[in-house]
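1. Build me a model:
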Amino acid sequence: MQLEQQRRRTGTALVLSQFGLILMCLLPVGPVIGSGQLRPLGLVCLVLAALVGGLALAAMGSDTRVHPVPDATATLRTNGIYAWLRHPMYAAVLLACLSVVLSTGRVLAIVAFGALVVVLRAKARFEDRMLAEKFGTPYADYAARVPALIPRLRRSP
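-> Coordinates of the predicted model:
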C-alpha cells in the first residue's frame, strides 16, 4: 500500500509540474527573441498537435487519463496512433507548446518548453515502468518496437 501511495504522489507531482510548465509557456510576459519569422512553423506544429492529440483521444475514449499510474481497469492499447507512439498525448502537448515558442519567441516560453521536455520524458519513463509491471511481456514487446514520443518515418516490420 505504501508503494502505491508513493507512486500516486510521484505521478501527481509529474502532472502538476507538467501543467505548471504549460501555463508558463502560455504566459504573455517577458522578453522576446526574433520577430515572428517562425510563426508559420508554429502553426504547422499546432495543427500536428491537434491531429496527434485528437487521434489519441479517439483511441482512448472514456479511458483518457492525465495521471501516469494506470488504474485497475486499464487496457493495453497498441493500435491506431498507439502503433506509432507510446505516448501520443505527451507528443501533442510538446507540439502545442513548441508552436507557442515558435510563434511568440518569448524567452519564458523557451525555458518552460525545455523544462517540459524533461518533465514529460520523465513522466513517460515512469508510466512505461508502471505499464510494464501491469502488462508484462506484451508491453515490453510493444515498447521495444514503438517509440515513446517521436515516430519513426518508417515503421518496423
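2. What segments of the protein are strands?
-> Remark: no strands are assigned in the chain by DSSP state E.
3. ok, the residue most central in space within it - contacts?
-> The residue lying closest to the centre of the chain (C-alpha atoms, centre = their mean) is Y90, at 0.9 Å. Listed by C-beta atoms under 8 Å, 6 or more residues apart in numbering, the contact set of Y90 reads L120, K123, A124, A148, L149. Where you see a C-beta, it was placed from the backbone N, CA and C, and this is true even at glycine.
4. Using CSV, lay out these together with neighbour count, pLDDT and distance to V32.
-> CSV is the format used below for the contacts of Y90 (neighbours: other C-beta atoms under 10 Å; pLDDT from 0 to 100; distance: C-beta to C-beta, whole Å):
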residue, neighbour count, pLDDT, distance to V32
L120, 24, 98, 25
K123, 22, 97, 29
A124, 18, 97, 30
A148, 18, 95, 32
L149, 16, 94, 27
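5. From these, which land in helices?
-> Of the positions in these, L120, K123, A124 sit in helices, assigned by DSSP state H.
6. Among these, which one sits closest to D71?
-> K123 (16.4 Å; C-beta to C-beta).
7. Surely the closest one touches H67?
-> No. At 9.8 Å, K123 does not count as touching H67 under the criterion of C-beta atoms under 8 Å.
8. intersection of neighbour lists for those two?
-> Common neighbours of K123 and H67, counting by C-beta under 8 Å, 6+ apart, are G11, V15.
9. picking that back up, can you lay out the contacts of Y90 as JSON lines showing distance to L3?
-> Formatted as JSON lines, these follow (distance: C-beta to C-beta, whole Å):
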{"residue": "L120", "distance to L3": "24"}
{"residue": "K123", "distance to L3": "18"}
{"residue": "A124", "distance to L3": "20"}
{"residue": "A148", "distance to L3": "24"}
{"residue": "L149", "distance to L3": "27"}
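10. No further questions, thank you.
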